[in-house]
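S.K.: Only the shape, not the letters, is given here:
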């Protein structure tokens with residue numbers, strides 16, 4: 001859209017009062033008459049609200065606040081005064097002690113300034129507002145959706161993660177409280193991460209319908225917390241049947257006629273305007289150096305503390321004086337225009353200017369919300385300036401709007417933007433400065449530095465994930481490895497040497513790597529036979545666990561496989577989601593080490609790029625559940641150290657023979673062929689390595705890429721063999737998922753109990769040396785010094801490869817009745833190299 005301004009059905013000049021200021025005419029009457037919309041409630045309601053129509057498929061009408069300072073220019077002291085008054089009411093409600101522990105959260109974009117004003121009214125409450133602007137290097141502490149908004153995704157990016165982690169009252173501030181969905185979404189999300197006993201919802205107006213009125217109380221009972229509501233006015237919007245369709249049709253008609261989509265030519269410049277005689281010069285905005293205090297946040301995007309508030313209060317008089325000095329002599333009516341989420345700093349500047357400048361000062365802000373403009377005193381949005389976004393938004397380029405500025409009778413506008421929005425697009429032809437200069441004689445520009453938490457207080461930005469073919473034999477879109485490449489470091493040690501060091505406590509198993517097992521021709525034949533026999537069974541398990549994740553965990557999960565056994569499973573789950581649902585799910589591989597926890601830097605990277613609540617950890621199978629427990633403990637520690645919450649410790653696995661998790665494809669203990677081999681079925685990646693001299697505090701855990709084994713690589717062949725069976729198992733998967741969803745899948749941990757029993761029965765007295773299940777037994781045979789294998793009596797072909805390995809390594813296989821697993825591998829207890837013969841075979845005692 002290239003027109004400078006949108007009007008209603010009549011042309012007008014830039015003089016006289018605008019929306020909401022015509023005595024005796026309510027600025028909602030135009031919509032009310034045409035759509036049958038009624039505003040019923042407090043006497044103050046029609047003074048606070050007008051009505052407009054917007055291009056939004058979810059809600060056609062827009063309640064336009066006359067006291068918010070967003071769409072309608074208003075006295076800044078009126079705007080700030082409403083927020084302060086609400087904050088003082090909250091302070092009185094909570095009492096001094098609870099007020100001292102409260103945190104205030106405002107909603108982007110319309111309530112960022114209101115929320116900050118409420119925080120000022122409370123006194124010493126810290127403030128944070130949600131944002132739609134991701135900031136590189138700042139981890140998300142949460143996020144939520146606003147169901148009726150034009151742009152829905154909200155991020156919470158506090159500089160100090162502890163800001164939201166306390167248990168004091170949380171005060172949530174929005175401009176209106178209508179359905180309650182936004183607040184409920186927020187509280188639900190935050191309560192799961194940071195439970196607390198009390199919430200206070202604050203809004204200028206409570207406009208809930210009778211049907212929505214009881215939801216807040218029900219929700220409070222559901223979460224076991226008190227939820228209060230504080231508003232300046234209340235009422236309801238009565239919407240006749242079909243109002244959405246009728247409103248959309250009215251918008252379409254007026255836009256087609258040019259009333260709301262920029263049909264007419266721009267409004268005539270005001271008398272005395274530089275362009276009034278047809279002579280147009282290059283648009284120019286006079287810069288004003290505010291001398292904004294160094295390091296003072298521009299608002300609450302990353303948190304605003306009482307100390308910040310004191311610094312701002314001290315600096316405001318001098319900053320306002322600089323604006324006054326830059327204004328031309330004799331100005332009578334000045335608009336201070338904020339920019340989208342940047343509402344509070346311009347508001348406070350406008351208040352100070354109003355107090356000292358000797359001119360009439362109004363305040364409003366630009367917005368990303370598209371609204372129909374109709375030039376009628378009974379309509380809240382009289383004019384609309386249209387210009388491109390100028391802050392390089394994360395969701396891509398788009399239009400932005402300034403309402404009721406053209407024709408507002410202003411002889412000067414002070415546009416206040418942050419430095420992230422002071423871009424060439426702001427100053428270009430058709431940009432905001434150009435649009436303002438076409439309608440207001442004098443345009444000033446004040447730039448507030450965009451606050452980004454200092455890098456010195458954060459770990460350096462972590463590297464991008466490694467991807468194939470540079471790291472691993474997988475395609476780059478199949479998985480991103482949150483690891484560092486240690487391929488050039490010699491880490492391999494003979495199996496017996498590693499085992500002795502590990503059991504003596506002189507080394508951790510993750511500090512070195514076993515020599516990669518090179519399978520014999522006979523063993524490779526076993527692998528291919530096992531894959532052929534189990535591909536369909538694997539495909540069913542993949543389909544089942546993926547469908548459960550999509551149903552119960554997230555419709556768009558972020559798959560995070562535990563390297564490396566989980567990684568082929570994560571890729572297969574990603575392929576199923578793509579095959580069955582057309583989803584392109586992100587998938588990463590991270591390191592977790594028994595006794596050391598999960599890679600915290602990988603978690604930080606995930607939290608910076610995704611909502612932790614969407615992350616689903618993936619592994620191949622459970623044994624006794626040690627990694628399940630390890631992950632839960634590691635995530636608890638991570639919450640305490642980083643203040644980042646939302647990661648769910650529940651692992652999704654193909655097979656859960658140990659009954660350790662709720663999210664699985666099957667609880668059968670069967671051969672998953674990827675367990676038969678090491679790197680050659682895992683993208684040629686080694687086990688992960690964690691050693692202090694190689695992995696620093698800001699590094700990912702490490703791993704090696706065995707490029708030299710490419711000739712023996714079966715990684716992609718394994719994936720393709722299973723994926724090829726997807727079409728054959730769709731119906732079976734649907735039936736299996738239905739059964740699983742209806743079943744009681746509560747973990748019984750029977751596997752752990754069996755391991756403890758075996759450990760005592762065989763005199764091992766260390767559960768870490770008991771490896772239950774086909775997968776874990778295979779790992780013992782390939783990587784450790786095995787003592788013996790316990791096989792369930794009558795176990796069939798699932799154990800062919802284990803029997804072959806046992807024969808090659810001289811390990812006895814003992815059949816046991818009633819074993820809960822198909823087999824259990826026992827690592828040699830009290831191992832020293834003297835416990836093996838010269839041929840490396842285990843010596844039984």
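M.R.: Yes, it's here. All values derive from a computational prediction rather than experimental measurement. Residues are numbered from 1 along each chain as shown.
S.K.: Against which helices or strands is the helix or strand containing residue 535 packed?
M.R.: Of the helices and strands defined by DSSP states H and E, residue 535 is found in helix 521-548. With contacts taken as 3 or more CB pairs under 8 Å, 6 or more residues apart in numbering; DSSP states H and E, helix 521-548 sits against helix 566-581, strand 651-655, strand 663-666, helix 715-723, helix 726-742, helix 800-809. In this view, the C-beta of every residue, glycine as well, is placed from N, C-alpha and C.
S.K.: Now render those as a markdown table, adding mean neighbour count.
M.R.: Conversion of the helices and strands packed on helix 521-548 to a markdown table gives the following (neighbours: other CB atoms under 10 Å):
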| stretch | mean neighbour count |
| --- | --- |
| helix 566-581 | 24 |
| strand 651-655 | 28 |
| strand 663-666 | 24 |
| helix 715-723 | 20 |
| helix 726-742 | 15 |
| helix 800-809 | 19 |
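S.K.: Compile these into CSV and extend it with columns for distance to residue 430 and mean pLDDT.
M.R.: Output for the helices and strands packed on helix 521-548, formatted as CSV (distance: least, CB to CB, whole Å; pLDDT from 0 to 100):
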stretch, distance to residue 430, mean pLDDT
helix 566-581, 41, 95
strand 651-655, 50, 92
strand 663-666, 52, 92
helix 715-723, 50, 94
helix 726-742, 51, 94
helix 800-809, 69, 81
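S.K.: Endpoint to endpoint, stretch 436-446 covers what distance?
M.R.: End-to-end distance of stretch 436-446: 14 Å, with CA to CA, to the nearest Å as the criterion.
S.K.: Please compute how far that stretch lies from its chain's middle.
M.R.: 38 Å (CA atoms, centre = their mean, to the nearest Å).
S.K.: can you pull out the strands in the stretch 601-750 of the chain?
M.R.: 615-621, 651-655, 663-666, 702-703 (DSSP state E, counting those that start in this stretch).
S.K.: Can I get those in JSON lines including distance to residue 256?
M.R.: Formatted as JSON lines, these follow (distance: least, CB to CB, whole Å):
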{"stretch": "strand 615-621", "distance to residue 256": "46"}
{"stretch": "strand 651-655", "distance to residue 256": "51"}
{"stretch": "strand 663-666", "distance to residue 256": "52"}
{"stretch": "strand 702-703", "distance to residue 256": "61"}
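S.K.: out of those, nearest to residue 628?
M.R.: strand 651-655 (5.6 Å; CB to CB).
S.K.: what residues does the closest one touch?
M.R.: By CB atoms under 8 Å, 6 or more residues apart in numbering, the residues outside strand 651-655 that reach it are 538, 541-542, 545, 548-549, 553, 562, 569, 573, 616-622, 627-628, 631, 661, 663-670, 672, 773, 775.
S.K.: returning to that earlier point: show me what the helix or strand following the helix holding residue 535 is packed up against.
M.R.: Sequence order places strand 558-562 as the next helix or strand after helix 521-548, per DSSP H and E. If you count contacts as 3+ CB pairs under 8 Å, 6+ apart, strand 558-562 packs onto helix 566-581, strand 587-590, strand 615-621.
S.K.: Let me see the backbone angles for the residue sitting nearest the centre point of the chain.
M.R.: Within the chain, one residue has its C-alpha closest to the average C-alpha position: by CA atoms, centre = their mean, that is residue 611, at 2.8 Å. Backbone torsions of residue 611, given as degrees, to the nearest 10, read phi -80, psi 120.
S.K.: Quick check: pLDDT value at it.
M.R.: Residue 611 carries a pLDDT value of 90.
S.K.: tell me the strands in the stretch 201-350 of the chain, going along the chain?
M.R.: 226-238, 286-288, 333-339.
S.K.: Low-confidence regions, the stretch 651-800 of the chain specifically.
M.R.: Along the stretch 651-800 of the chain, the parts satisfying pLDDT under 70 run over 675, 783, 798.
S.K.: Tell me the spacing between the residue nearest to the centre of the chain and residue 651.
M.R.: According to CB to CB, to the nearest Å, residue 611 and residue 651 sit 18 Å apart.
S.K.: ditto for residue 567
M.R.: Distance from residue 567 to residue 651, by CB to CB: 14 Å.
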